[in-house]
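Asker: build the 3D model from these lines:
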Amino acid sequence: MKNNPLKPTLLGLLLASAMVALPSMALAQAVPADPAAPAQVNPDTKLSKNISGKVTSKSETSLTVDGRTVSLSSATTFSTKGGSAIGSSDVKVGDNVNIVTSDDGQVAVSVDVAAQ
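Answerer: Numbering: from 1, shown residues only. Sure thing, here's the model as predicted:
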């Protein structure tokens, strides 16, 4: 029986090419990110928060809505639900409002007052 010296070499080349090709094929099958899909948000990422309800207390520097107090700043904007700009003095106890707060939920960015 004749021993073929090419057999081990071919087997080695076949194994080496499989080792190189398999990881490449696995990477090629990964699902690409859809640019139109919304970005995933990590739980620790800060987001603005909405607070809706009835104003139960008001001062020059804060509003309390259903027991939750938020600070007002010089940058806080006030408007009606129709979009008309109003002043902070136009917000009264008993008004229904929607407040968009800053990252930490402590400072009002905008206050929308519902029509009464």
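
Asker: switch to C-alpha atoms for all contacts and neighbour counts from now on
Answerer: Fine.

Asker: any idea whether Gly12 is helix, strand or coil?
Answerer: Reducing the assignment at Gly12 to three states with DSSP: H, G, I helix; E, B strand; the rest coil gives helix.

Asker: also Thr9?
Answerer: helix.

Asker: Ser17 too?
Answerer: Assignment for Ser17 (three-state DSSP): helix.

Asker: contacts only, for Thr64.
Answerer: Val55, Thr56, Ser57, Lys58, Val70 (C-alpha atoms under 8 Å, 6 or more residues apart in numbering).

Asker: in helices only, show me those.
Answerer: Counting by DSSP state H, no part of the contacts of Thr64 is found in helices.

Asker: which elements pack onto the biggest strand by length in the chain?
Answerer: Ranked by residue count, the top strand of the chain under DSSP state E comes out as strand 50-58. The helices and strands touching strand 50-58, judged by 3 or more C-alpha pairs under 8 Å, 6 or more residues apart in numbering; DSSP states H and E, are strand 62-65, strand 96-101.

Asker: change it to 10 Å
Answerer: strand 62-65, strand 68-71, strand 96-101, strand 108-113 (3 or more C-alpha pairs under 10 Å, 6 or more residues apart in numbering; DSSP states H and E).

Asker: dump stretch 54-65 to CSV, keeping only the CA atoms.
Answerer: Extracted in CSV, the C-alpha atoms of stretch 54-65 (Å, rounded to 0.1, in the frame of the first residue of the first chain):
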residue,chain,number,x,y,z
LYS,A,54,-54.2,69.6,39.3
VAL,A,55,-52.1,72.4,40.8
THR,A,56,-52.5,72.0,44.6
SER,A,57,-49.9,74.7,45.6
LYS,A,58,-48.0,77.5,44.0
SER,A,59,-45.2,79.8,44.9
GLU,A,60,-42.8,82.1,42.9
THR,A,61,-40.3,79.3,42.7
SER,A,62,-42.3,76.1,42.6
LEU,A,63,-45.5,74.3,41.7
THR,A,64,-47.0,71.3,43.4
VAL,A,65,-49.1,69.1,41.3
